[in-house]
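1. Got a sequence here, can you build the structure:
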Amino acid sequence: MTDAERERELDQAHGNAWSFPGAAAPSGTYIGSRRVGNTTFYYYKDGSRYWFEDDFDREMREKLNEKKRRERQERQQTGYNGRKRRW
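-> Numbers count the residues shown, from 1 in each chain. Reported below is the predicted structural model:
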């Protein structure tokens, strides 16, 4: 893909992209990023749909993943396996 084609696709993505819902990483292929003001938008293409996320979305996903990782470690250290005891 040439630089001109990549820029044309980023222009199309910038005009047609939807904010990606959820805490997971956007599905599809990463096609590039564009800085607008103080925010960097990261664009993905999934079939004929375009998705974007910004710096805030990435930061929140990293914090959530870190929280889950810490909780998983704490459960492993205490030996809790997720099952309730039945007496």
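2. From now on I want contacts and neighbour counts done on CA atoms only, so please keep to that.
-> Noted.
3. is it true that Asp55 touches Asn38?
-> No: look at Asp55 against Asn38 with Cα atoms under 8 Å: they stay out of range, at 9.6 Å.
4. who has more neighbours, these two?
-> Set side by side, Asp55 and Asn38 give different neighbour counts by other Cα atoms under 10 Å, the larger being at Asp55 (12 against 7).
5. what separates the more buried one from Thr78, distance-wise?
-> As judged by Cα to Cα, to the nearest Å, Asp55 and Thr78 stand 35 Å apart.
6. Between Asp55 and Asn38, which contacts overlap?
-> When Cα atoms under 8 Å, 6 or more residues apart in numbering defines a contact, no residue borders Asp55 and Asn38 alike.
7. so what secondary structure elements neighbour the longest helix seen in the chain?
-> Across the chain, the longest stretch assigned as helix under DSSP state H is helix 55-78. On a contact count with 3 or more Cα pairs under 8 Å, 6 or more residues apart in numbering; DSSP states H and E, helix 55-78 meets strand 39-46.
8. quick one: contacts of the strand it packs on?
-> 10, 13-14, 17, 26-35, 50-55.
9. Direction included, what does it pair against?
-> strand 29-36 (antiparallel), strand 49-54 (antiparallel) (DSSP bridges).
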